[in-house]
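K.L.:
Let's see this in three dimensions:
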Amino acid sequence: VAQVNRNLCQQTIVNDEGGFITLIYGVLDPEENTLTWTSAGHPVPLLLQRDCGAVTAVAGPEAPGLPLGIIDDAEYTTQVTAIPPNSRLLLYTDGLIECFPMSGGAHREFGEDGLKGALTVSAERTIDESLQHLFDATLAFTDGEGRHDDTSVVLLERS
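P.N.:
Residues are numbered from 1 along each chain as shown. Below is the predicted model of the structure:
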């Protein structure tokens, strides 16, 4: 990730436009049931423990490093997350939590709390149904207007 960052910092298309890129890079070890990952400005994955319905971030808010393309010598920390039995791990882009209704007064976002609630409600559903519920919940939150930013989701399940 650090090498990709250094390369992007030298690209004029990123520097001249004042842009940046967020990224999460991970390696899943199905034998050890772990995900080794690092983040460049990307949201921290969420872990749903299906037995009790608890949803927690797998690292603190300091875990994401700087987005790519900002500072060429940025450092990125590697995290290792254990995936317990009967749990789900959600990796997602910020477009999911930053969705908001365009009308209705004060700006309010779906947020991590909305995401956690949707995961909890759908904990006993199949993984496909849980993903559908997640997208339906954000659509309902935006009063049918949809998400206004990129939305990518990976939902892993350890049964």
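K.L.:
does A123 really touch R50, like I thought?
P.N.:
Yes: proximity of A123 to R50 meets the contact threshold set by CB atoms under 8 Å, at 4.9 Å. Every C-beta, even on glycine, is put in place using the N, C-alpha and C of the backbone.
K.L.:
what residues are shared contacts of those two?
P.N.:
Counting by CB atoms under 8 Å, 6 or more residues apart in numbering, the shared contacts of A123 and R50 are R88.
K.L.:
Output the below-cut-off pLDDT ranges for this protein.
P.N.:
13-18, 104-106 (pLDDT under 70).
K.L.:
Could I get the full set of helices for it?
P.N.:
2-9, 12-15, 94-97, 111-121, 127-141 (DSSP state H).
K.L.:
how about the strands in the chain?
P.N.:
23-29, 34-40, 46-49, 54-57, 79-82, 87-92, 153-158 (DSSP state E).
K.L.:
Which of the ones you listed sits closest to Q10?
P.N.:
strand 34-40 (15.9 Å; CB to CB).
K.L.:
what comes up buried for the closest one?
P.N.:
Residues of strand 34-40 classed as buried under the neighbour-count rule (16 or more other CB atoms under 10 Å) are 35, 37-40.
K.L.:
What of stretch 59-79?
P.N.:
59, 63-70, 74, 76, 79.
K.L.:
Enumerate every residue touching the closest residue in space to A137 that isn't next to it in sequence.
P.N.:
Distance criterion CB to CB, 6 or more residues apart in numbering; nearest residue to A137, sequence neighbours excluded, is A118 at 4.1 Å. Under the criterion of CB under 8 Å, 6+ apart, the contact list for A118 reads 133-134, 137-138.
K.L.:
With respect to G26, which of these is nearest?
P.N.:
L134 (19.5 Å).
K.L.:
Which residue comes closest to the closest one once chain neighbours are left out?
P.N.:
L134 sits nearest to A118 (CB to CB, 6+ apart), 4.9 Å away.
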